[in-house]
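Chemist: Just the structure for this:
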Amino acid sequence: MSELCKTAVIGDSASVSGFAALGLSVFRETDGDKISRLITRLASNGFGVIYITEPAAALAAETIKKYRSRRLPAIVLIPAIEGNTGEGMRGLHEAVEKAVGSDILN
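Modeler: Down below sits the predicted model:
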């Protein structure tokens, strides 16, 4: 696969704006229906990784559940500035442990 993986970040403006400096596609959205449609659109347009803040993910839980069994896109929950449940950090720890063999974040 020679093509770079397209990566998106979804969430409230305060939480996701900084990701644009990293070259990621940033989507400032807080409406559940719009987030669900956005995830579907990104998935069908070749985005391989979608980072989404915990509060935004909670608003689009059913849509995210549909993509959990698929290889792509990988939907990764990340902490937001506010309104976190801890799910994003748990997922990050699990992903690191799976990739490296131990949780090096602790």
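Chemist: For the protein, which segments count as strands?
Modeler: Counting by DSSP state E, the segments of the chain that form strands are 6-11, 25-28, 47-53, 74-78.
Chemist: Of these, give the one that comes closest to I35.
Modeler: I35 lies closest, by Cβ to Cβ, to one member of the strands of the chain: strand 6-11, at 6.1 Å. Every residue, glycine included, has its C-beta placed from N, CA and C.
Chemist: now the closest one: how far from the chain's centre is it?
Modeler: 6 Å (Cα atoms, centre = their mean, to the nearest Å).
Chemist: and if you look at stretch 16-28?
Modeler: 12 Å.
Chemist: Quick check: which of the strands of the chain is nearest to T40?
Modeler: Of the strands of the chain, nearest to T40 by Cβ to Cβ is strand 47-53, at 10.7 Å.
Chemist: Return the set of buried residues in that closest one.
Modeler: The neighbour-count check on strand 47-53 (16 or more other Cβ atoms under 10 Å) flags F47, G48, V49, I50, Y51, I52, T53 as buried.
Chemist: Identify, from these, the entry nearest to I39.
Modeler: For the buried residues of strand 47-53, the nearest to I39 is I50 (6.4 Å; Cβ to Cβ).
Chemist: separation between that closest one and G101?
Modeler: Applying Cβ to Cβ, to the nearest Å, the value for I50 to G101 is 26 Å.
Chemist: what's the answer for Y51, then?
Modeler: 23 Å.
Chemist: sorry, back to before: export the strands of the chain as TSV, with columns for mean pLDDT.
Modeler: Conversion of those to TSV gives the following (pLDDT from 0 to 100):
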stretch	mean pLDDT
strand 6-11	96
strand 25-28	97
strand 47-53	94
strand 74-78	90
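Chemist: wait, which of those is closest to S17?
Modeler: strand 25-28 (6.6 Å).
Chemist: Please list all residues in contact with A56.
Modeler: I10, G11, D12, E29, T30, I35, A80 (Cβ atoms under 8 Å, 6 or more residues apart in numbering).
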